[in-house]
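1. Would you be able to build a 3D model of this:
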Amino acid sequence: MIRVLFDPRPVLAVLVLMIAACAPHNVAQFGVGSPLATQKRIFVATELELDNLGPIFGQERPSGLKFMHLDVSVPPTHTPGNIEWPDGEPDAATDFVMTGSQVYPTAAQMVGAMRRGASDRETLVYVHGYNVTFSDAVYRFAQIRTDFGLIDDGLVYSWPSAGDVRGYAYDRDSVLYSRDDFEAVLNALTVQSDGRVHILGHSMGSQLVMETLRQAALRGNRAMLNRISSVTLMSPDIDPDVFRQQAKAIGTLPDPFLIFVSQQDRALNLSSLLTGFKPRLGVIDGPDQVEGLGVSVLDFTGLSDGRALDHSVPVTSPLAIKVLRGMIEQAEGGAPDFRDYMMLTQPQ
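-> This next block holds a predicted model:
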């Protein structure tokens with residue numbers, strides 16, 4: 001008789017993390033602004049239908065890009081790293097609230113509105129991750145721009161995530177589905193010679209970033225690639241071997257090219273269980289797996305605080321935000337560039 005030994009621990013770990021992530025998504029709501037609140041205008045490019053912006057698990061993916069902006073009011077009581085979702089009717093004195101919106105018929109009209117009155121033509125583009133709804137993405141980007149003191153308008157690329165913890169495979173396919181559209185958005189932002197883009201990709205959104213840049217390189221779209229000033233991949237849900245192949249296909253990567261990692265990232269530990277027990281790029285513990293690619297790795301393990309499965313530490317941990325803001329200010333002041341690998345620790 002053949003005995004099959006079964007170790008239940010990985011399955012139990014998956015179940016625990018899925019239960020933790022199964023809470024229903026909050027929904028952004030319109031309301032009246034407050035003179036004490038901070039206003040952030042968030043531009044959005046998305047395939048989602050604008051009259052159906054909730055979870056789409058089990059539904060056919062929408063097609064065709066839509067463009068808009070949303071005015072988000074961040075309350076005066078806001079604490080760094082947090083999104084103050086309303087409990088019931090939104091109150092701009094204590095909650096994130098949408099106070100206005102406008103739809104643009106074309107990408108060119110949206111970009112024109114972005115450039116109007118802007119201090120420069122550089123745009124931060126945020127690409128969200130797995131199990132994220134439109135509301136999640138817009139409010140998270142408003143929180144990031146507030147906590148890091150970013151003044152100029154930025155853009156969220158809201159690809160069709162299922163918005164459901166059961167939709168991991170669905171979301172991986174959605175990344176491939178969205179490559180052409182995301183490249184079109186980047187082309188629109190860089191069509192003029194002075195148009196520059198900084199990209200922040202989170203989790204599975206990092207896979208979309210890398211796949212799109214790889215595709216552009218293979219198409220010979222160097223004009224767009226040369227206008228990407230920097231790339232940051234936060235908690236990237238990518239196989240390190242795949243990342244190396246993507247980077248080789250792209251060629252010379254944007255400089256700086258940063259990867260934010262944490263060994264405490266429980267969401268990526270779940271992802272590794274779902275993808276063959278191989279650690280993801282967002283949990284590497286040294287520079288070896290990205291050696292020679294021209295990237296810098298910042299390790300936030302020492303600043304993890306347990307929020308959101310430690311999957312967004314650089315933008316959800318108040319201490320990490322403080323440390324990272326200090327590093328950015330030092331770099332802007334002429335300090336040396338980030339080293340190939342830096343392990344961040346709490347200030348003494």
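2. Do me a favour and get the backbone dihedrals for residue 204.
-> Dihedral pair for residue 204: phi -70, psi -20, per degrees, to the nearest 10.
3. which residues does the closest residue to it other than its chain neighbours contact?
-> The shortest distance from residue 204 to any non-neighbouring residue, by C-beta to C-beta, 6 or more residues apart in numbering, is to residue 130 (4.1 Å). Bear in mind the C-beta positions are built from the backbone N, C-alpha and C, glycine included. By C-beta atoms under 8 Å, 6 or more residues apart in numbering, residue 130 lies in contact with 161, 167, 168, 171, 203, 204, 237.
4. Compile these into a markdown table and extend it with columns for neighbour count, secondary structure and distance to residue 222.
-> Output for these, formatted as a markdown table (neighbours: other C-beta atoms under 10 Å; DSSP: H, G, I helix; E, B strand; the rest coil; distance: C-beta to C-beta, whole Å):
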| residue | neighbour count | secondary structure | distance to residue 222 |
| --- | --- | --- | --- |
| 161 | 27 | coil | 30 |
| 167 | 19 | coil | 35 |
| 168 | 18 | helix | 34 |
| 171 | 26 | helix | 30 |
| 203 | 28 | coil | 28 |
| 204 | 27 | helix | 26 |
| 237 | 31 | coil | 27 |
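5. Report the buried residues of the strand or helix carrying residue 244.
-> Element membership of residue 244, judged by DSSP states H and E, is helix 240-250. For helix 240-250, the neighbour count (16 or more other C-beta atoms under 10 Å) marks 240, 243, 244, 246, 247, 250 as buried.
6. Also stretch 329-343?
-> Buried residues in stretch 329-343 (16+ other C-beta under 10 Å): residue 341.
7. Now do it: distance from first to last residue.
-> One end of stretch 329-343 sits 18 Å from the other (C-alpha to C-alpha, to the nearest Å).
8. Would you confirm that residue 234 contacts residue 316?
-> No. Assessed by C-beta atoms under 8 Å, residue 234 is found out of contact with residue 316, at 10.3 Å.
9. quick one: which of these two has more around it?
-> Using other C-beta atoms under 10 Å, the more surrounded residue of residue 234 and residue 316 is residue 234, with 27 against 24.
10. Skipping adjacent residues, who's closest to residue 183 in space?
-> Here the residue nearest residue 183, using C-beta to C-beta, 6+ apart, is residue 212, at 5.1 Å.
11. my guess is that neighbour meets residue 184, correct?
-> No. Judged on C-beta under 8 Å, residue 212 makes no contact with residue 184 at a distance of 9.7 Å.
12. Which one of these two is surrounded by more residues?
-> Ranked by neighbour count (other C-beta under 10 Å), residue 212 and residue 184 place residue 212 first, with 27 against 14.
13. Now do the SS call for the more buried one.
-> Using DSSP: H, G, I helix; E, B strand; the rest coil, the structure places residue 212 in helix.
14. circling back to that earlier point, of the buried residues of helix 240-250, just say which sits nearest to residue 336.
-> Distance to residue 336, by C-beta to C-beta, is smallest for residue 247 among the buried residues of helix 240-250, at 23.1 Å.
15. what's the closest one in contact with, if anything?
-> Contacts of residue 247 (C-beta under 8 Å, 6+ apart): 210, 253, 290, 293, 295.
16. Tally up the residues packed near the last one, please.
-> The one in question is residue 295. 22.
17. nearest residue to it other than its sequence neighbours?
-> Residue 295 sits nearest to residue 257 (C-beta to C-beta, 6+ apart), 4.5 Å away.
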